[in-house]
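# give me coordinates for this.
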Amino acid sequence: MANSHYPGRYWHKLADGRIQCDICPRDCRLHDGQRGLCFVRKCENEQIVLTTYGRSSGFCIDPIEKKPLNHFHPGSSVLSFGTAGCNLACRFCQNWDISKSREFDRLCNQAEPDSIAKAAAEHGCKSVAFTYNDPIIFLEYAIDVAKACHGQDIKTVAVTSGYIHQQAGSELFSHMNAANIDLKAFTDNFYHKLCSGHLQPVLDTLIYLKHETYVWFEITTLLIPGQNDSDEGITAMCDWIAEKLGPDVPLHFTAFHPDWKMTDLPTTPSSSLKRARAIALKAGLLYVYTGNVHDRAGGTTLCPGCNSRLIVRDWYEILEHRLSDEGHCIICDAVLPGHYSPFNGAFGPRRIPVVV
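Residues are numbered from 1 along each chain as shown. Have a look, this model is predicted:
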């Protein structure tokens, strides 16, 4: 069985004897026995250890569209899992029972990397996703799982805030085939007040992924009423994406529901998602989606050549599919950006818990 206190990477000793964790911009400075804000990286015997190696909050088979990824093997299934803790403190966290868990030892399942890869293969999953909480904070475990998955020809997906130092990010993303980056808003004030973080490191991660890696990535913004849903803020964000990352990067606007420490706000109306999508399309982005709502227009992928409907979705369900196995439009042969494989019917909107 895996040793849960696993030697961590990316740290150094300070002059005052404390150990600084260098995995993310929080730069937690810890005395022996103390844990970082993420709760799972701990100073122990003058080094950083990962206390959740080999432990998971559970495993489920999901549609890849739930990550959300719309241009990465559409219709395929993905084995999803996370651990516990998070290096941000978002007041609106939609997975707070996992990301803020402080009773992890009582709740966890255990699984070696090889067991996860084997389970994914046995269940016919195209990929394994590190999700529910952020793989940044369990980097060592995520990388070992990714290595085992690649040995079984299983793809790997990081669902992450992108709040990571570049050196650590370079190692993590070198083992990922795809990522969904949670761009929470486009102001530092939002990140500071509602997430206890900063915007720039996330933008740096996005630029790095686009210009220095081959990782396929998509962006998600959870629209929160009155917080990050203004026309001005959405326009500024979309203009930046178009200029710095290009029009081909898919962008997902998803609906917020009241949770964790922000239960006083309403659920995001579908009209706000549609308005944000219209702004993004006007800014020149080609692939803009709405999520957590029934919206066929907001789930449809259009051909960059002839503008025909290539994939029509309703929530996580694929209703129409007109792509070749190589990702070409079957009408005009234009290439759709992304990663594709033979489509033999969609996994659909199921969520299947599994034991690993």
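# so what's L199 up against?
By C-beta atoms under 8 Å, 6 or more residues apart in numbering, the contact list for L199 reads 185-188, 190-191. The way it works is simple: take the backbone N, C-alpha and C, and place the C-beta from them, glycine included.
# in JSON lines: the residues you listed, plus distance to T300.
Output for the contacts of L199, formatted as JSON lines (distance: C-beta to C-beta, whole Å):
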{"residue": "A185", "distance to T300": "26"}
{"residue": "F186", "distance to T300": "25"}
{"residue": "T187", "distance to T300": "30"}
{"residue": "D188", "distance to T300": "34"}
{"residue": "F190", "distance to T300": "29"}
{"residue": "Y191", "distance to T300": "31"}
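# report the buried members of those residues.
Among the contacts of L199, the ones that count as buried by 16 or more other C-beta atoms under 10 Å are 185-187, 190-191.
# how about these, which pair is most distant?
Largest separation among the buried ones among the contacts of L199 by C-beta to C-beta: F186 and Y191, giving 9.5 Å.
# pLDDT weak spots in this protein?
1-4, 94-109, 260-261 (pLDDT under 70).
# in the sheet, who's paired with G291?
With DSSP bridges as the criterion, G291 is bridged to T254.
# distance check, it against Y10.
Plainly put, G291 is 32 Å away from Y10 if you go by C-beta to C-beta, to the nearest Å.
# next: S308.
Applying C-beta to C-beta to S308 and Y10 gives a distance of 47 Å.
# which of the two has more neighbours?
Per other C-beta atoms under 10 Å, whichever of S308 and Y10 has more neighbours is Y10, with 18 against 13.
# my guess is that one contacts H165. True?
Yes - between Y10 and H165 there is a contact under C-beta atoms under 8 Å: 7.1 Å.
# helix/strand/coil for H150?
helix (DSSP: H, G, I helix; E, B strand; the rest coil).
# where does the closest residue in space to it that isn't next to it in sequence fall, secondary structure wise?
Excluding its sequence neighbours, the residue lying closest to H150 (C-beta to C-beta, 6 or more residues apart in numbering) is T156, at 7.1 Å. For T156, the host element (DSSP states H and E) is strand 155-160.
# now do the buried residues in the helix or strand just after that strand.
As assigned by DSSP H and E, the chain's next helix or strand after strand 155-160 is helix 166-173. Buried residues in helix 166-173, defined by neighbour count with 16+ other C-beta under 10 Å: 168-169, 171-173.
# also stretch 147-157?
Applying 16+ other C-beta under 10 Å to stretch 147-157 flags 148-149, 154-157 as buried.
# need the residues you listed in TSV (columns: distance to G54).
Shown next, in TSV, are those (distance: C-beta to C-beta, whole Å):
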residue	distance to G54
A148	12
C149	15
I154	18
K155	22
T156	17
V157	20
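# between all of these, which two are separated the most?
A148 and V157 (14.7 Å).
# what about Y208, which SS state?
Assignment for Y208 (three-state DSSP): helix.
# do you know how far it is from T131?
Distance from Y208 to T131, by C-beta to C-beta: 20 Å.
# check A121 too.
According to C-beta to C-beta, A121 and T131 sit 19 Å apart.
# can you show me the helices along the stretch 1-150 of the chain?
96-99, 104-107, 113-122, 139-151 (DSSP state H, counting those that start in this stretch).
# can you tell which of those is closest to T51?
Across the helices of the stretch 1-150 of the chain, closest to T51 is helix 104-107 (C-beta to C-beta), at 8.0 Å.
# neighbours around K42, how many?
Neighbours around K42, by other C-beta under 10 Å: 22.
# which ones are touching it?
Counted by C-beta under 8 Å, 6+ apart, K42 has contacts 5, 30, 33-36, 48-49, 51.
# from the residues you listed, which would you call buried?
When these are checked for burial by 16+ other C-beta under 10 Å, the buried set is 30, 35-36, 48-49, 51.
# narrow those residues to those in strands?
Filtering the buried ones among the contacts of K42 for membership in strands, criterion DSSP state E, returns 30, 48-49.
# list just the nearest of these to G226.
Nearest member of these to G226, counting by C-beta to C-beta, is L30, at 36.5 Å.
# now the closest one. Nearest residue, chain neighbours left out?
C43 (3.7 Å).
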